[in-house]
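got a structure for you, letters missing:
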């Protein structure tokens with residue numbers, strides 16, 4: 001994430017609009033997947049969801065009650081990821097390495 005070149009705002013949008021809608025149902029499953037998701041499956045599921053879901057449903061990811069349902073169990077993790085990304089980018093900026101995030 002830190003080396004993606006995306007701003008934190010863009011990464012948040014990717015999380016809310018692309019990733020969370022696909023993996024959120026896992027939070028409701030008693031025997032959900034907790035060790036991680038297969039990258040190929042996740043990419044294919046995100047593409048399928050973006051292609052097949054009506055555009056108006058994207059609004060739900062930005063609507064606070066729906067957003068909370070999709071992310072309530074992951075917000076603490078998101079906060080820690082942002083801290084790691086910021087730390088990594090700050091270190092990269094000091095050494096002059098790594099891509100610079102886009103706005």
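Thanks, I have it. Since the structure is predicted, the reported quantities are computational estimates derived from the model, not experimental observations.

middle-most residue in the chain, spatially?
residue 15 (2.2 Å; C-alpha atoms, centre = their mean).

using the three-state scheme, assign that one.
What DSSP: H, G, I helix; E, B strand; the rest coil gives for residue 15 is helix.

so who does it touch?
Applying C-beta atoms under 8 Å, 6 or more residues apart in numbering to residue 15 gives the contacts 71, 78. For the C-beta atoms, the positions are set from N, CA and C on the backbone; glycine is no exception.

how does it look with 10 Å?
Contacts were defined as C-beta atoms under 10 Å, 6 or more residues apart in numbering; by that measure residue 15 touches 1, 23, 61, 70-71, 74, 78, 81.

so which of those wins on neighbours?
residue 70 (20 neighbours; other C-beta atoms under 10 Å).

how far is the helix or strand hosting that residue from where the chain is centred?
Using DSSP states H and E, residue 70 sits in helix 64-71. Centre-to-centre, helix 64-71 and its host chain are 13 Å apart (C-alpha atoms, centre = their mean, to the nearest Å).

any weak-confidence spans in the protein?
Judged by pLDDT under 70, the chain has its weakly predicted residues at 31-34, 97-103.

distance to residue 92 and secondary structure for the contacts of residue 15 - can I get that in JSON lines?
Formatted as JSON lines, those follow (distance: C-beta to C-beta, whole Å; DSSP: H, G, I helix; E, B strand; the rest coil):
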{"residue": "1", "distance to residue 92": "13", "secondary structure": "coil"}
{"residue": "23", "distance to residue 92": "28", "secondary structure": "helix"}
{"residue": "61", "distance to residue 92": "30", "secondary structure": "helix"}
{"residue": "70", "distance to residue 92": "31", "secondary structure": "helix"}
{"residue": "71", "distance to residue 92": "27", "secondary structure": "helix"}
{"residue": "74", "distance to residue 92": "25", "secondary structure": "coil"}
{"residue": "78", "distance to residue 92": "21", "secondary structure": "helix"}
{"residue": "81", "distance to residue 92": "16", "secondary structure": "helix"}
